[in-house]
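**Q** Need a 3D model of the sequence below.
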Amino acid sequence: MAKVDERRVPSWHMKGEILGTCNCDWGCPCNFDAPPTFGYCDGVYGLVIREGRFGGVDLGGVRFAWGGHSPGPIHEGGLVEVLMLDDASTPEQREAIQTLWNGGGVGSPFDEFASLRATPLGPLVAPIEVELAGMDSRFRVAGGAVFDLALTRVKNPVTGEEEELYLDKPTGFTSTRSELGTSEVSMFVSHDMSFDLSGKYAEWAEFSYRGP
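**A** Residues are numbered from 1 along each chain as shown. This is a model prediction of the structure:
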């Protein structure tokens, strides 16, 4: 992939929280460099930036999401992916996020996903509502795409009590420490794809990204 024009991508950084869900078994085989549970992957990430900048653009409070379908293991490419931007963000903030999402040398994790993307869709600009509470968080998108994700911890099958589970992965590029759980609700619908991942794998983590 061609490197981006550095004059167009200034110094940037962001910290915040990321919520994810996919169709695989709990733990997600991707975390262990294994094939997806059912041979393909449907999933969505929602991100909330607590603090960050893209050149002169303040990214604090920006919310966005991307979701997509991979016909096989994600590392083999072929991703069909849609970007969802919050209509409460400014045009400059939305342009910054889309520039990062396009990849091409901007830095991790955006470069990794962009290099695997065969069909980019969007961006869709829609209202995004978030309730952050760790593994009790909720992330909603409405408009050109509909996404509703409510997280919870995995329940012990014998006692019914919540299990607190973590994955530490220093080489992870979306996060290095994730709390693993499940989705009480996980619905995604757009003009191009739709899936119901309710009761499937979900995760929550803090992230810290910056440009190269």
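
**Q** Would you tell me which helix is longest in the chain?
**A** helix 91-101 (DSSP state H).

**Q** Please work out which residues outside that helix touch it.
**A** With contact meaning CB atoms under 8 Å, 6 or more residues apart in numbering, helix 91-101 is reached by 4, 8-9, 12, 54-55, 57-59, 62, 64, 66, 83, 85-86, 89, 106-107, 110, 113-114, 123, 125. Every residue, glycine included, has its C-beta placed from N, CA and C.

**Q** Return the subset of the residues you listed lying in helices.
**A** 110, 113, 114.

**Q** residues contacting the residue nearest the centre of the chain?
**A** Centroid check for the chain by CA atoms, centre = their mean gives residue 45 as the closest residue, at 2.0 Å. Contacts for residue 45 (CB under 8 Å, 6+ apart) come out as 18, 19, 20, 65, 66, 67, 174.

**Q** do the same with residue 211
**A** Contacts of residue 211 (CB under 8 Å, 6+ apart): 9, 11, 12, 13, 106, 107.

**Q** mind checking how far it is from residue 38?
**A** Distance, residue 211 to residue 38, using CB to CB, to the nearest Å: 35 Å.

**Q** quick one: low-confidence parts of this protein?
**A** Within the chain, the ranges that satisfy pLDDT under 70 run 1-7, 144.

**Q** Do a quick rundown of the helices in it.
**A** 91-101, 110-116.

**Q** which strands and helices sit next to the last one?
**A** Right, the one you point to is helix 110-116. strand 79-86, helix 91-101 (3 or more CB pairs under 8 Å, 6 or more residues apart in numbering; DSSP states H and E).

**Q** tilt between the longest one and strand 79-86?
**A** For helix 91-101 against strand 79-86, the angle between stretch directions is 160 degrees (axes from the mean of the first three to the mean of the last three CA atoms, to 10 degrees).
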